[in-house]
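Engineer: Turn this into a model:
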Amino acid sequence: MCGIAGLIATEPLTRDHRSRVRAMSAAMVHRGPDGEGSFHDGPIALTMRRLSIIDLHGGQQPLFNEDGSLVLIANGEIYNYIELRDQLRSQGHRFRSGSDCEVIVHLYEQYGLDCVKHLRGMFAFALWDARIQRLMLARDRMGEKPLYLHIGPREIYFASELKGLLAAGSVPFTLDPRAVNLYFHYGYVPEPMTPIREVCKLPAAHIFTVDARSWEQKQWCYWRMEDVPARTENPIEAIQHELETISSLIIRSDVPIGIALSGGLDSSAIASMTAHRYPGVMQAFTVGYREESPFDERDDAKALAKHLNMPIHEIQLCADDVASFFPELMYWLDDPIADISALGYYSVMKAAKAHGVSVMLQGHGGDELFWGYPWVRDAVTETTRKLKSHMSGSSNLQEYLTLTTPAYWSLWGMKEWLTSGAGLRPSWRAYTRDRYSPKEQVVFYDLTPDFQLANKGAANLYPKTFLEQLEETTAYDIFRIPLPWPAIDILLTRLICQTYLQENGIAQGDRLSMASSVELRLPFVDFRLVETVIGLRKASSDHSLPPKAWLRQALGSMVPEWILNRPKRGFTPPLHEWHKAIFTAQGATLDEGFLVESGVLIPSCARELSKGPYPAGAGAPLSFKALTLELWSRKLAAVTTEAQRSGPCTQLDQGKAA
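Structural biologist: The predicted structure follows:
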C-alpha cells in the first residue's frame, strides 16, 4: 500500500519539474511513512511513498524487470500474487523481491497491456516502458485505489490523492460548476469528474497510456459488469466458494490485521469468515456514541467478538468531537463527501494504528452487491415498468395507481404518506415522470429523498452566472444510458457500485484509513465475487427476493443465526445532535465564505444555510452539503496556495532524494 505520483512531459524534465514531483510525494507521506522511492529519466519522473505490508524489507519501489527497461510504482495489494509468481517463474521470469506488486512488471513482460486482466486485488499503478517510451496508468476494476490526473498540453501529472496533485503547484484551485451541481445532488462528485476544473480521475477498470515521443494518449475500459458471462450453477454454492476463496487470500500480510466491526451482517460476515483462517489474533474495533442512539451497535459487535474469541476495542464519539474536528476531517477526505459517518471511519482507523494494526478489513459492498438498499430494488421494478410502457407506446395510469409506500420513505413517516393522498400523489408523479423523461433515463437516484430535495432546491442556491456555466448538463446524466439497455438489474447494480459505493463508501474508506497509515481491504468488492454474482444474476434475477437472500444463504454455515436474522440497521450516528453541534461551531463560515466569493452560492442563501440543517429531516441536508464543501474548499485551496507561494525549489527541501 502506497501513495504514488508522477509527471510525463513532451520534453526532458528540468530540476523544477522533478521538485514538483517530490512535493507531491511529501504531501502524501501519510500514505507511506515507511519509505520512499523515485525514478526520473528524460521526460518521465515517478515517485512513491511506501506503507510496508508485504516483504517488509525487500519490497521497496520502484520495481524493475530483469534488464531494468520497465519501471513500476504501484499502490494497493495483489491478493493472488503467490499464484502469479509461481506461474511467472515457470515461464522463466526472475524475481528480485517478495513484493506482491513485482508480479505486475513480469505480467507486463508476458502479456503487455493485458497484464491487468490477471490481477486479483486493488491497485493503481504507473509503469514506464523505456524501450518504447510509453507510460501506462491503470486502476483496479472496482475503483478501490484512486488516481487523479491533470492533463495539460505539454505535461501530465498524476497522484494517488487530490491534495498530492495540488501540491505540485501546477493546477489552479478553481471549482467546476458542473461538478459542484452534481455534488449538491449526490453528496459526492462521481468520477471521472472532480470538484477542480482541470483535474479528473482515471475511471475504475481503465487504462491510460501516453507515448512520450508522439504525445499520443489513449484511454479505454478493460472490464465491465455487462460483459460477464451468465452462470447457471447453484447460486448459494457458487457464492459460498468465492467467499471462502477471498477470505483466504485477503488475510495475506506480514503485519497485523484487524477488522472494523459493527453489529451488522456485512462486517459480521467478514469477521466470521476470516477469524478462524487468520494465523494470528485478529483484533476488532467498533464505534459507539455518547449521545443516545438506536443505531449504537457496540453490544452486538461485542457479542460477536466474544463468540469468535476476538479482542475488541471500543471508540466512543460525541457531538463535540465531531464539531471540533470537522474542518480537519475535510482535509483528510481529499474529496468533498457529505456523509456524517466519516468521523466514525476515521476514528476506527486511528485506533487501529494506535494498537499496532496496519491492515483493516471492512464490510463495504455487501449492500450494493446483494440488494441491501430497498430503493435500489424499487428502482429495478420502476425502471422495468417504464421500459415496458415506452415499448408499448402508451402509459397505463392504472399500473401506477397500485404504487404503495416505498421503504425509503421511512424518514418521512406515515404522516407524509397520508398527506400525500394515501400514495396517490407519488403514483401520479411516477406516471408523469416516466411519461415525460427521456426513454434512455432509468429510474434511479430520483427515488431518493436527498436527490429530490436537491433537485427542487439546489438551483435556487446558485447565482445566475453560475447557472449559465452548467450548460446543458444535469444531475440525471449519470443514469441516462443509451438504448438498448442490458438487463436492468445488472445495469442498476453497476450504477450503484460505480456511484455510491465507489465515491462514498470506498473513497472514504481509502482516504480515512490512509490518513492514519492503515491499509483497508474490502472482501465484498473482490472482482471474482462480483463476477460470480453478476453471472448468476444474468441467469436468474434475484432482486425480488428478500434483501441479501443469496448472501444470507451462502453465509448460513459461517455466521451465527442470530446475526443472519437480525434486521438491517444502517451505520447512522445521532444526526440531530451532530448536525446541531457542527453548525453551532462551524456554520458561520458559510456566511460570506469561500463559496460566496467563488460565485457558487448566493450570499443570502449562504446566510440562511449557515443557521443549521435545511431541510430538517434529510439524511444529508443542503446546508450540510454546503458546509462540507465550504470547509473542504478552504483546506484544499490552502494546499494550492502554499504550493504556488513556496515554489518548487522551496518544496524540494520537503522530500528526500531516493
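Engineer: And the pLDDT for residue 295?
Structural biologist: Listed pLDDT for residue 295 reads 74.
Engineer: Could you double-check that it sits in contact with residue 567?
Structural biologist: No: look at residue 295 against residue 567 with C-beta atoms under 8 Å: they stay out of range, at 12.0 Å. Heads up, the C-betas are built off the backbone N, CA and C, glycines and all.
Engineer: What are the boundaries of the helices in the stretch 251-400 of the chain?
Structural biologist: Secondary structure of the stretch 251-400 of the chain, counting by DSSP state H, counting those that start in this stretch: helices at 265-275, 298-307, 319-333, 342-354, 366-369, 374-392, 397-400.
Engineer: tell me what the fifth one is packed against?
Structural biologist: For helix 366-369, the packing partners by 3 or more C-beta pairs under 8 Å, 6 or more residues apart in numbering; DSSP states H and E come out as helix 265-275, helix 488-496, helix 527-539.
Engineer: try the fourth one
Structural biologist: The criterion is 3+ C-beta pairs under 8 Å, 6+ apart, and the helices and strands that helix 342-354 contacts are strand 257-260, strand 283-289, strand 312-317, helix 319-333, strand 359-361, helix 507-514.
Engineer: Would you reformat these as a markdown table and include mean pLDDT and mean neighbour count?
Structural biologist: Converted to a markdown table, those look like this (pLDDT from 0 to 100; neighbours: other C-beta atoms under 10 Å):
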| stretch | mean pLDDT | mean neighbour count |
| --- | --- | --- |
| strand 257-260 | 98 | 27 |
| strand 283-289 | 95 | 23 |
| strand 312-317 | 96 | 17 |
| helix 319-333 | 96 | 19 |
| strand 359-361 | 98 | 25 |
| helix 507-514 | 98 | 25 |
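Engineer: Figure out which of these is closest to residue 212.
Structural biologist: Closest of the helices and strands packed on helix 342-354 to residue 212 is helix 507-514, at 29.5 Å (criterion: C-beta to C-beta).
Engineer: helices or strands next to the closest one in the packing?
Structural biologist: helix 319-333, helix 342-354, strand 519-521.
Engineer: related to what we said a few turns ago, so residue 295 and residue 567 - more neighbours on which side?
Structural biologist: Taking neighbours as other C-beta atoms under 10 Å, residue 295 and residue 567 compare with residue 295 leading, 15 against 7.
Engineer: For my notes, please list the helices and strands packed on helix 507-514 in CSV and give distance to residue 194 for each entry.
Structural biologist: Shown next, in CSV, are these (distance: least, C-beta to C-beta, whole Å):
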stretch, distance to residue 194
helix 319-333, 13
helix 342-354, 18
strand 519-521, 21
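Engineer: and residue 555, which of the ones you listed is closest to it?
Structural biologist: strand 519-521 (18.5 Å).
Engineer: Next, the buried residues of that closest one.
Structural biologist: 519-521 (16 or more other C-beta atoms under 10 Å).
Engineer: Serialize these to TSV and add fields for distance to residue 216 and pLDDT.
Structural biologist: Output for the buried residues of strand 519-521, formatted as TSV (distance: C-beta to C-beta, whole Å; pLDDT from 0 to 100):
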residue	distance to residue 216	pLDDT
519	35	98
520	36	98
521	36	98
